[in-house]
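Asks: What would the 3D arrangement of this be:
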Amino acid sequence: MPLALSTGNAIALGLVAAAFVVFALLSALVIPRRWPQFPGDRGLGWFIVVTVVLCIGTLAAVNFLAKEGSEETAQAETQTGTTVTSSGTTTSAAQPPAAPQGDPAAGKQLFAAQGCGGCHAFGPAGTNGTVGPDLDQALQGKDAVFIHESIVDPNKEIASGYQPNIMPGNFGQTLTPKQIDDLVSFLSQTG
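Replies: Purely as a prediction, here's the structure:
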């Protein structure tokens, strides 16, 4: 969830949480050493008020600051064909985008930046990895839907001779829909 927040909201949420943690540590460890009767009869009311205000403030900050992006999330889910369940897990819908609409040049750069060539051989990228399937062969005759699905759900169909869970299964979450389209467009060059 924190990754889905804007930088401003993530910082604000972190500051609110930090204030609460600092207060808790001070009131539990530092202040009682200097004033053993803390909070005492005179300070008990103020201590309870500050504790309740900080607790409610933290809950309110989480409630309001963590709601950001519901429209952007819904739009991204529509574009990528994913569904986010109430538990926060993401599942792929049955039909990813039908045709690559990305930029193959950007996909080539992304292929290199994500280290795909360390595992896969792929002629257009000039790579010769052997941990995963040779993409020149594995993608021959495959359409964009298959390639997209292989990126976002690599365990759905495992290439012959390879074990599941070798390829990271989180590219559907770590790459933007545009990046996935770019990568699909680049990888479609053999298909």
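Asks: just checking, what packs against the top helix by length along the chain?
Replies: Longest helix of the chain, by residue count under DSSP state H: helix 40-65. Judged by 3 or more C-beta pairs under 8 Å, 6 or more residues apart in numbering; DSSP states H and E, helix 40-65 is in contact with helix 7-25. For glycine as for every other residue, the C-beta is placed from the backbone atoms N, C-alpha and C.
Asks: From the chain's centroid, how far away is the very next helix or strand once past the helix it packs on?
Replies: In the C-terminal direction, the helix or strand that comes right after helix 7-25 (DSSP states H and E) is helix 31-34. The chain centre lies 42 Å from the centre of helix 31-34; the measure is C-alpha atoms, centre = their mean, to the nearest Å.
Asks: Report the mean confidence score over helix 31-34.
Replies: Per-residue pLDDT over helix 31-34 has a mean of 86.
Asks: next one: stretch 49-60
Replies: 88.
Asks: How about stretch 168-183?
Replies: Mean predicted confidence for stretch 168-183 is 90.
Asks: Would you mark the buried spots in it?
Replies: 171-172, 175, 177, 179-183 (16 or more other C-beta atoms under 10 Å).
Asks: Then stretch 135-152?
Replies: In stretch 135-152, counting by 16+ other C-beta under 10 Å, buried: 135, 138-139, 142, 144-152.
Asks: how far does that stretch stretch from start to finish?
Replies: In stretch 135-152, first residue to last residue: 16 Å (C-alpha to C-alpha, to the nearest Å).
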